[in-house]
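K.L.:
fold the stuff below for me.
(one chain, ligands or ions: 1)
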Amino acid sequence: MGLAVLSVASEAVPLVKTGGLADVAGALPGALAQHGVEMTTLLPGYPAVMAGIKRAKVLHTYDSLLGQPARLIAGKLGAQPLIVLDAPAFFDRQGGLYTDPQARDWADNWRRFAALGRAAADLAGGLVKGRRFDLVHAHDWQAAMALAYLRFAPVKGSKSVPSVMTIHNMAFQGYYPKETFRELGLPRSAWSMTGVEYHGGVGMLKAGMEAASVITTVSPTYADEIRSPEFGMGLEGLVASRGDRVRGIVNGIDSADWNPASDPHIASPFTERTLARRTANKRALEAEFGLEPGDGPLFIVVSRLTWQKGMDVLVEVLDHLAGIGGRLALLGSGDAALVAGLQEGAARHPGKIAVRIGYDEALSHRMQAGGDAILVPSRFEPCGLTQLYALAYGCVPVVARTGGLADTVIDANLAARAAGVATGFQFNGVNYHALAAAITRANALYYQPGEWKTLQRNGMKADFSWTNSGAAYAGLYRELVGKA
Ligand SMILES: Nc1ncnc2c1ncn2[C@@H]1O[C@H](COP(=O)(O)OP(=O)(O)O[C@H]2O[C@H](CO)[C@@H](O)[C@H](O)[C@H]2O)[C@@H](O)[C@H]1O
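P.N.:
Next up is the predicted model:
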């Protein structure tokens with residue numbers, strides 16, 4: 001039986017991306033198609049999304065959706081069905097998706113994403129003739145209100161549908177003052193500890209988690225970690241109370257986009273049998289970053305520059321990295337203090353450390369193809385995608401042992417090397433000593449070319465395509481729809 005699923009997200013490739021959520025929301029529909037699931041994605045109509053729609057077909061017009069006129073428009077996300085919430089007052093803005101040009105959160109984010117949720121619940125309730133949905137899948141707090149509306153204010157007379165709430169990042173919860181509640185159009189009954197109320201305000205992610213049939217996150221280890229206060233960020237009690245209704249499904253990567261044998265962004269394509277061809281990519285990367293060419297290891301970082309990603313510890317370790325003969329090329333954007341720290345490090349070590357501040361998808365491909373090892377010192381990492389791209393590209397991951405990093409990289413300890421299964425390096429605790437020691441270990445093994453090639457080949461042979469994860473989501477949907 002074919003299943004119709006409505007996926008609700010605030011970003012998705014190829015139309016709009018600020019982080020890993022977009023990769024996942026964009027790849028899921030294609031991954032599920034081969035499992036008999038037709039996934040329609042609902043996205044906000046930011047300028048980039050509106051520009052990507054050809055021949056707009058209007059499905060519905062709202063006179064007022066959370067106070068503003070809006071339309072639902074049909075489009076395509078790649079080859080898969082898309083519905084766009086075209087509400088210019090909410091989404092037609094210059095600046096970021098979530099922040100204004102000064103990088104402050106838009107003051108009406110609660111209203112913008114409540115509107116997205118209300119539209120999702122309307123669609124699931126049969127608002128548009130001929131479009132029925134068996135299940136709603138919401139991603140992160142921006143989509144979470146969809147599940148609260150389905151639970152507390154469904155379309156009258158509609159049949160209830162099961163739902164999945166996926167947490168890509170527990171650090172962002174969509175928490176707003178109490179006063180916003182009366183603007184949401186929810187009944188008073190929703191204002192409860194098991195509804196949308198959270199510490200005296202409105203908790204959007206919390207509301208979605210309470211309402212969801214099943215909560216998922218993007219790796220089994222993170223699904224365990226968020227039961228504890230250290231990672232649960234205040235929601236650990238709720239996570240623990242949902243018991244086995246909390247699952248972890250590791251993200252896949254889009255193996256058409258991320259394939260070193262056919263990547264249009266890289267100068268010298270290669271496979272695990274032609275690793276020597278990587279050298280040309282390394283030379284090109286050194287030149288592009290203005291680094292001294294050399295045979296020593298070239299480390300890379302591609303990251304949002306935030307505390308989550310351990311970038312403050314990376315700043316501390318730059319002198320060590322350069323001191324042992326390593327070089328680093330970094331691409332990222334984010335916190336001003338971290339940018340300054342990285343730029344100072346680069347200025348202290350010209351030719352050895354180079355940073356590029358900004359967002360550049362094509363460059364990120366060239367870095368994975370030319371770097372020897374990627375550093376991912378995250379304090380928490382629900383799944384992490386850059387280490388998966390690195391594995392596919394023979395760029396050896398050096399990662400903190402947390403969340404999806406712990407689940408996807410096999411540390412090159414003696415036992416794993418003897419068994420021939422190691423793919424990278426893990427370290428415990430995100431601090432100067434742990435990261436410096438891991439860099440030293442990687443540096444040492446780099447000079448044993450046979451061992452290093454084995455790490456590269458093992459990583460390249462590992463299967464992180466969407467095949468397994470797509471099957472896992474399809475299985476979950478079937479389980480829920482069967483029970484509904
Ligand atoms: N400056 C830059 N230029 C070009 N590309 C850049 C870039 N900075 C980052 N990227 C790209 O953005 C994506 C980041 O994805 P991650 O999964 O590593 O982290 P993120 O924290 O955004 O995602 C959250 O959601 C995802 C999806 O579930 C989880 O894997 C993750 O753990 C969670 O924190 C990657 O595709 C990366 O290549």
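
K.L.:
use CA for all of it now, contacts and neighbours both
P.N.:
Noted.

K.L.:
mind listing what the residue lying closest to residue 364 once chain neighbours are set aside touches?
P.N.:
Using C-alpha to C-alpha, 6 or more residues apart in numbering and skipping residues adjacent in sequence, the residue nearest residue 364 is residue 302, 6.6 Å away. Contact partners of residue 302, counting by C-alpha atoms under 8 Å, 6 or more residues apart in numbering, are 330, 331, 332, 364, 386.

K.L.:
how about residues contacting the helix or strand hosting the fourth one?
P.N.:
Just to be clear, that refers to residue 364. Using DSSP states H and E, residue 364 sits within helix 361-370. If you take C-alpha under 8 Å, 6+ apart as the criterion, helix 361-370 is touched by 258, 260, 265-266, 278-285, 300, 302, 329, 331, 374, 389-390, 393-395.

K.L.:
can you name the residues of this protein that neighbour the ligand?
P.N.:
By the rule C-alpha under 6 Å from any ligand atom, the part of the chain lying against the ligand is 19-21, 24, 168-169, 218, 302-304, 331-333, 358-361, 364, 381-386.

K.L.:
just the buried subset of those, written out for ChimeraX, thanks.
P.N.:
Filtering these down to the buried ones (16 or more other C-alpha atoms under 10 Å) takes a single ChimeraX command:
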select :20,21,24,168,169,218,302,303,304,331,332,333,359,364,381,382,383,384,385,386
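
K.L.:
now do the SS call for residue 308.
P.N.:
Using DSSP: H, G, I helix; E, B strand; the rest coil, the structure places residue 308 in coil.

K.L.:
these two touch, right, it and residue 376?
P.N.:
No: in this structure, residue 308 is not within contact of residue 376 by C-alpha atoms under 8 Å, at 10.5 Å.

K.L.:
between the two, which is the more surrounded one?
P.N.:
residue 376 (26 against 14; other C-alpha atoms under 10 Å).

K.L.:
for that one, what are phi and psi?
P.N.:
For residue 376, the backbone dihedrals (degrees, to the nearest 10) come out as phi -130, psi 80.

K.L.:
helix, strand, or coil at the nearest residue to it once chain neighbours are set aside?
P.N.:
Using C-alpha to C-alpha, 6+ apart and skipping residues adjacent in sequence, the residue nearest residue 376 is residue 399, 4.7 Å away. Residue 399 falls in the strand class when you classify it by three-state DSSP.

K.L.:
residue 399 against residue 379, yeah?
P.N.:
No: counting by C-alpha under 8 Å, residue 399 does not reach residue 379; the two are 10.1 Å apart.

K.L.:
and those two? Which one has more around it.
P.N.:
Legend: neighbour count by other C-alpha under 10 Å for residue 399 and residue 379, higher for residue 399 (27 against 19).

K.L.:
could you check the pLDDT of that one?
P.N.:
For residue 399, the model assigns a pLDDT of 98.

K.L.:
mind listing what it touches?
P.N.:
Applying C-alpha under 8 Å, 6+ apart, the residues contacting residue 399 are 375, 376, 377, 378, 387, 405, 406, 409, 424, 425, 426, 427.

K.L.:
the spatially closest residue to the last one that is not a sequence neighbour: what's it in contact with?
P.N.:
Using C-alpha to C-alpha, 6+ apart and skipping residues adjacent in sequence, the residue nearest residue 427 is residue 400, 5.0 Å away. Residues counted as contacts of residue 400 (C-alpha under 8 Å, 6+ apart) are 376, 377, 378, 379, 406, 426, 427, 428, 429, 430.

K.L.:
could you list which of those residues belong to strands?
P.N.:
376, 426, 427 (DSSP state E).

K.L.:
would you mind giving me the confidence score for the first one?
P.N.:
Same thing as residue 376. In this model, residue 376 is scored at 98, pLDDT.

K.L.:
likewise for the second one?
P.N.:
pLDDT recorded at residue 426 is 98.

K.L.:
state the number of residues packed around residue 240.
P.N.:
17.

K.L.:
that one contacts residue 224, doesn't it?
P.N.:
No: with contact defined as C-alpha under 8 Å, residue 240 does not count as touching residue 224 (9.1 Å).

K.L.:
who's in contact with residue 85?
P.N.:
42, 43, 44, 45, 70, 71, 72, 73, 116, 119.

K.L.:
what sits against the fourth one?
P.N.:
Which is residue 45. The neighbourhood of residue 45, defined by C-alpha under 8 Å, 6+ apart, consists of 84, 85, 86, 87, 88, 91, 92.

K.L.:
would you reformat these as CSV and include pLDDT?
P.N.:
Formatted as CSV, those follow (pLDDT from 0 to 100):
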residue, pLDDT
84, 98
85, 98
86, 98
87, 98
88, 98
91, 98
92, 98
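
K.L.:
narrow the residues you listed to those that are buried.
P.N.:
Among the contacts of residue 45, those classed as buried by 16+ other C-alpha under 10 Å are 84, 85, 86, 87, 88, 91, 92.

K.L.:
tell me which helix or strand the second one sits in.
P.N.:
Read it as residue 85. Residue 85 belongs to strand 80-86, assigned by DSSP H and E.

K.L.:
wait, residue 245 sits on residue 217?
P.N.:
No: judged on C-alpha under 8 Å, residue 245 makes no contact with residue 217 at a distance of 11.0 Å.

K.L.:
tell me which of these two has more neighbours.
P.N.:
For residue 245 versus residue 217, neighbours defined as other C-alpha under 10 Å are more numerous around residue 217 (27 against 14).

K.L.:
who does that one bridge with?
P.N.:
Beta-bridge partners for residue 217, by DSSP bridges, are residue 167, residue 248.

K.L.:
how far away is it from residue 258?
P.N.:
Distance, residue 217 to residue 258, by C-alpha to C-alpha, to the nearest Å: 23 Å.

K.L.:
per-residue pLDDT, residue 272?
P.N.:
Note for residue 272: predicted pLDDT of 97.

K.L.:
can you report how many residues lie near it?
P.N.:
Residues near residue 272, counting by other C-alpha under 10 Å: 21.

K.L.:
repeat that for residue 94.
P.N.:
With other C-alpha under 10 Å as criterion, residue 94 counts 11.

K.L.:
which stretch of helix or strand covers it?
P.N.:
Here residue 94 is assigned to no helix or strand, by DSSP H and E.

K.L.:
could you check how far it is from the ligand?
P.N.:
19 Å (C-alpha to the nearest ligand atom, to the nearest Å).

K.L.:
where does that residue land on pLDDT?
P.N.:
So residue 94 comes in at 93 (pLDDT).

K.L.:
what's near enough to touch it?
P.N.:
Contacts of residue 94 by C-alpha under 8 Å, 6+ apart are 100, 101.

K.L.:
so where do the strands sit in the stretch 251-400 of the chain?
P.N.:
Applying DSSP state E, counting those that start in this stretch to the stretch 251-400 of the chain gives strands spanning 298-305, 327-334, 353-357, 373-376, 396-400.

K.L.:
and those strands, which is most packed in?
P.N.:
strand 396-400 (a mean of 29; mean count of other C-alpha atoms under 10 Å).

K.L.:
just to revisit the earlier point, of the contacts of residue 400, which is the most crowded?
P.N.:
Of those, with other C-alpha under 10 Å as the count, residue 377 tops at 30 neighbours.

K.L.:
noted, bye for now.
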